[in-house]
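# just the structure for this:
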Amino acid sequence: MNLRKQLLSVSLLTLIIPWAGTQFIRETEIALRSGQEQFLDSTAKAIADALSQFPYQMLSDIDGEPLYTHPLQTPPLIDGYVDDWNISEKAFVTIDSTDGPINYVLGQLRQHYFLYINIPDQSIVYAGSDVADRPFDKVSLTTISNTGVESTIEFIAEGPGQIIARRINGDVYFEETRIDAYWRDSSGGYRIEARIPRSLLEHRVGLSVFNAGDSHRPKSTSANFSGSEPGPIISVSPVLQSVAAGYIQPGWRLIIINNDGWRLAQVGSVGANNLATEAPQSQSGWLPLIYKLVLEDGDEGVLAEPAPQGRETQTYINEALNGKAANRWFRSSQTGRAIVSVAQPVWSGTVQTGAIILQQDTDAILSLTNRALTRLISFTLIATIAVAAVLLGYASWLSTRIRLLSEATEHALDDKQLLATLPSEGASDEVGDLSRSFSSVLERLGIYNDYLRSLASKLSHELRTPLTIVKSSLENLEHESLSTAAREYTIRATEGTQRLQKILNGMSEASRTEELMDSAEIEEIPLGEMLGNAIQAYADIWRDRYFVFKQLPEEVFVFGSPELIIQMLDKLVDNAVEFSQPADTITVSVEILLDTVAISVSNPGPSLPQNMRKELFDSMVSVRTGDSNKHLGLGLYIARVVAEGYGGSITANNTEDGVRFTVTFPTKNSAGKATSAHHST
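You can find the predicted model right below:
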């Protein structure tokens with residue numbers, strides 16, 4: 001992993017900031033909600049104590065299945081449609097029948113009850129049929145007063161449309177014109193909508209549906225009650241509604257229920273009506289996920305809404321109906337809004353008359369949480385981007401410095417000297433220390449390299465005088481009378497001095513070549529002609545070898561010193577002869593490679609070791625396996641000095657049957673010493 005990726009990974013540690021922030025927000029939200037629960041609990045207890053003065057409005061004798069009437073906000077139009085009731089579909093109560101479920105709902109507005117019932121019937125039978133005494137379909141409301149007087153209201157029709165209800169008291173039948181009713185056929189049945197004065201429905205009310213059937217189905221009766229008597233009718237108490245309204249505050253909802261959980265009063269609202277209506281608006285986006293991760297989970301928000309059918313049955317409410325205060329909080333998974341709900345029992349002396357449910361939304365807390373989350377996310381995003389950008393920029397700057405230092409170190413070896421000045425030397429950080437250390441090493445290496453460059457010249461100069469003395473002394477000994485053994489020793493010493501003289505001559509030649517590179521005059525040379533003449537001379541010298549010269553069709557001209565280029569070629573050809581056998585062919589060729597001129601010398605023979613390709617052209621290096629004490633490897637070094645002196649290069653490569661040495665010269669050199677090749681015109 002490079003430096004940029006490492007520092008970029010370090011920047012991810014900034015994600016600790018949002019984690020710590022979310023934990024703080026979570027704990028703050030819990031603390032605020034806990035305080036809100038305690039406040040609501042105290043308020044609910046005070047309201048419950050006040051309601052103990054209204055036992056008769058709360059106590060009710062409930063036996064059987066009651067009919068609950070829902071409070072309506074506006075009077076619906078009696079036309080057989082329920083669209084204008086503004087009531088939830090979940091408020092409908094279901095009665096089983098032979099043709100399917102019967103759905104009905106009962107509403108209340110001021111002095112009227114409103115009934116809507118949807119009845120499945122595969123064969124509707126109207127009253128006034130041609131068949132005498134044939135039963136017909138009808139809907140009945142049976143009511144019993146506090147004194148036990150029973151009466152029945154029947155809804156029958158001779159056809160769809162406006163109908164007049166019939167009231168039955170004992171054996172007396174008469175039309176009840178105070179009731180407004182409408183019969184509307186529907187696919188698979190019919191619907192009845194009616195407006196009934198409250199005075200006509202007394203203490204107990206039961207709903208029944210009679211299906212006359214047909215030849216394939218028997219007649220049947222379905223009712224909302226079982227047994228001989230219907231259950232009571234339960235309505236919102238105007239007294240309790242008025243009392244509750246005196247305690248309500250914005251953002252509160254107060255519900256009063258009797259001992260069976262039936263809603264007797266409801267005032268106020270929480271949030272924007274309820275949590276359920278807001279869910280569709282927030283089903284996408286990142287906020288629901290943030291709420292789920294950050295805020296503590298609660299029961300789903302829709303459970304905080306009043307029961308659609310009028311009876312509250314949640315666990316915490318049942319605890320209050322059993323005499324124990326309880327609380328619960330709900331949260332919408334979509335909006336994050338929470339509702340705190342407390343339930344308190346209502347006592348009248350030692351008798352429990354019901355319970356109250358006090359709810360309050362946490363819009364203020366949610367608003368605070370939203371602002372905190374928004375600031376936290378914004379701050380975290382900005383901080384993370386800023387830190388990542390700074391670290392990435394710093395990593396880029398640092399890696400650039402290190403890369404430049406690495407490249408400068410690799411290219412520190414110039415044509416003639418080591419460059420000891422490196423980037424970032426003046427910096428006071430660790431990279432500066434590293435650069436100064438490299439510079440110091442390169443400076444020492446340069447001094448040592450200069451020493452090695454001048455070593456041959458110094459040795460040649462220092463050894464030449466004592467070698468001359470030894471040589472002259474040995475020559476003088478040859479004129480003396482010596483024993484056979486002494487003369488043999490003298491001959492060996494003479495051979496040694498000759499060999500040493502040859503070494504000194506080679507070292508002097510290398511030194512002179514380096515000096516000539518700075519002083520030799522540059523002239524335009526016909527390369528093909530010069531090489532051709534040299535090849536003929538080589539063929540005369542080494543008659544046991546075959547020389548082949550591959551020249552270009554057109555003459556190639558180069559700029560340089562003829563003596564130095566011929567000296568370079570001498571060394572390459574001498575090396576080829578040394579490593580070839582008699583009768584072998586040595587090939588010299590000239591090529592144009594892009595913007596360079598290439599001179600190649602190829603010979604059969606042993607291959608070069610892979611590890612000696614670069615060191616082969618250094619001074620005092622030889623790969624000969626034979627009489628190695630006769631050679632110091634200065635020839636190829638001289639060839640390299642000439643090639644690099646003119647801005648070129650020299651390489652050695654193995655071929656299928658031997659070795660090929662190639663010298664390339666660039667067409668242009670900024671220093672003015674490069675050779676420039678071109679075709680003659």
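# pLDDT value on residue 278, please?
For residue 278, the model assigns a pLDDT of 42.
# ignore what I typed, I meant residue 577.
Residue 577 is given a pLDDT of 93.
# in the stretch 251-400 of the chain, where is pLDDT below threshold?
271-302, 332-336, 363-374, 376-377 (pLDDT under 70).
# which residues lie in contact with residue 117 in this structure?
Counting by CB atoms under 8 Å, 6 or more residues apart in numbering, residue 117 touches 102-104, 139, 191-192, 207, 209. No exception for glycine: its C-beta is placed from N, CA and C like everyone else's.
# how is the protein divided into domains?
For the chain, the domain assignment from automatic domain parsing gives the residue ranges 12-59+237-372, 67-231, 520-679.
# next one: the first one to chain centre, how far?
In this case it means domain 12-59+237-372. Using CA atoms, centre = their mean, to the nearest Å, the distance from the centre of domain 12-59+237-372 to the centre of the chain it belongs to is 38 Å.
# got it, and the second one?
Taking CA atoms, centre = their mean, the mean C-alpha location of domain 67-231 is offset from the chain mean by 62 Å.
# export the domains of the chain to TSV and tack on distance to residue 390?
Shown next, in TSV, are those (distance: least, CB to CB, whole Å):
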stretch	distance to residue 390
domain 12-59+237-372	11
domain 67-231	56
domain 520-679	41
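# now do the same for residue 386: helix, strand or coil?
Following DSSP: H, G, I helix; E, B strand; the rest coil, we place residue 386 in the helix state.
# what about it, neighbour count?
Residue 386 has 12 neighbours, counted by other CB atoms under 10 Å.
# could you check how far residue 540 is from residue 547?
10 Å (CB to CB, to the nearest Å).
# comparing the two, which residue is more hemmed in?
residue 547 (20 against 9).
# confidence score at that one?
pLDDT, residue 547: 94.
# can you list the weak-confidence ranges in the stretch 451-600 of the chain?
453, 456-457.
# quick one: the helices in it?
Here the stretch 451-600 of the chain has its helices, by DSSP state H, counting those that start in this stretch, at 484-519, 527-541, 562-578.
# pick the most deeply packed of the ones you listed.
helix 562-578 (a mean of 20; mean count of other CB atoms under 10 Å).
# other SSEs contacting that helix?
Secondary-structure packing of helix 562-578 (3 or more CB pairs under 8 Å, 6 or more residues apart in numbering; DSSP states H and E): helix 484-519, strand 523-526, helix 527-541, strand 585-593, strand 596-604, helix 634-645, strand 658-666.
# any idea which of these gets closest to residue 552?
Evaluated over the helices and strands packed on helix 562-578, closeness to residue 552 peaks at strand 585-593, with 5.6 Å, by CB to CB.
# the closest one to helix 527-541, inter-axis angle?
Orientation check (axes from the mean of the first three to the mean of the last three CA atoms, to 10 degrees): strand 585-593 against helix 527-541 gives 170 degrees.
# right, and the helix or strand after the lengthiest strand in the chain?
When the chain is parsed with DSSP state E, its longest strand is strand 172-186. Downstream of strand 172-186, the next assigned helix or strand under DSSP states H and E is strand 189-197.
# still on that earlier bit, residues touching the longest strand of the chain, excluding its own?
Here strand 172-186 makes contact (CB under 8 Å, 6+ apart) with 78-81, 118, 124, 153, 155, 157, 159-167, 190-197, 200.
# alpha carbons only: can I get it in CSV?
Output of strand 172-186 as CSV, limited to C-alpha atoms (Å, rounded to 0.1, in the frame of the first residue of the first chain):
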residue,chain,number,x,y,z
VAL,A,172,-98.4,-1.7,15.4
TYR,A,173,-96.7,-0.9,12.1
PHE,A,174,-96.2,2.7,10.9
GLU,A,175,-94.0,4.6,8.6
GLU,A,176,-91.2,6.6,10.4
THR,A,177,-90.8,9.7,8.3
ARG,A,178,-88.2,11.2,10.6
ILE,A,179,-85.8,8.7,9.2
ASP,A,180,-84.1,9.5,6.0
ALA,A,181,-82.8,6.4,4.2
TYR,A,182,-81.5,5.3,0.8
TRP,A,183,-81.2,1.9,-0.8
ARG,A,184,-78.5,1.5,-3.5
ASP,A,185,-77.8,-1.7,-5.4
SER,A,186,-74.2,-2.7,-5.9
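# name every strand pairing with it and say which way it goes.
In the sheet, strand 172-186 lines up against strand 161-169 (antiparallel), strand 189-197 (antiparallel) (DSSP bridges).
# any buried residues in the first one, and which?
Looking back up the chat, that one is strand 161-169. Across strand 161-169, burial judged by 16 or more other CB atoms under 10 Å covers 163, 165-168.
# ok, and what's touching it?
151-157, 173-177, 179, 181-184, 192, 194, 200.
# recalculate using a threshold of 10 Å.
Applying CB atoms under 10 Å, 6 or more residues apart in numbering, the external contacts of strand 161-169 come out as 78-80, 127, 138-143, 149-157, 173-185, 192, 194, 196, 200.
# list the contacts of the residue in the chain sticking out farthest from the centre.
Most distant residue from the mean C-alpha position of the chain: residue 481, 100.7 Å away (CA atoms, centre = their mean). By CB under 10 Å, 6+ apart, residue 481 lies in contact with residue 487.
# ramachandran coordinates for it?
The phi/psi pair for residue 481 (degrees, to the nearest 10) reads phi -80, psi 110.
# can you tell me how far it sits from residue 487?
10 Å.
# same check on residue 187?
143 Å.
# can you check residue 649 too?
51 Å.
# please apply the same query to residue 446.
Distance from residue 446 to residue 487, by CB to CB: 51 Å.
# please apply the same query to residue 399.
Distance from residue 399 to residue 487, by CB to CB: 74 Å.
# what of residue 550?
In terms of CB to CB, residue 550 sits 52 Å off from residue 487.
# then residue 7?
On the measure of CB to CB, residue 7 and residue 487 end up 81 Å apart.
# residue 583 too?
Relative to residue 487, and taking CB to CB, residue 583 is found at 40 Å.
# likewise for residue 185?
Computed as CB to CB, the residue 185 to residue 487 distance reads 151 Å.
# over to residue 80?
Residue 80 is 150 Å from residue 487, by CB to CB.
# for residue 41, give me its contacts.
By CB under 10 Å, 6+ apart, the contact list for residue 41 reads 325-327, 340, 342-344, 358.
# columns neighbour count on top of these, output as TSV?
Below are these laid out as TSV (neighbours: other CB atoms under 10 Å):
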residue	neighbour count
325	16
326	21
327	18
340	26
342	26
343	28
344	25
358	25
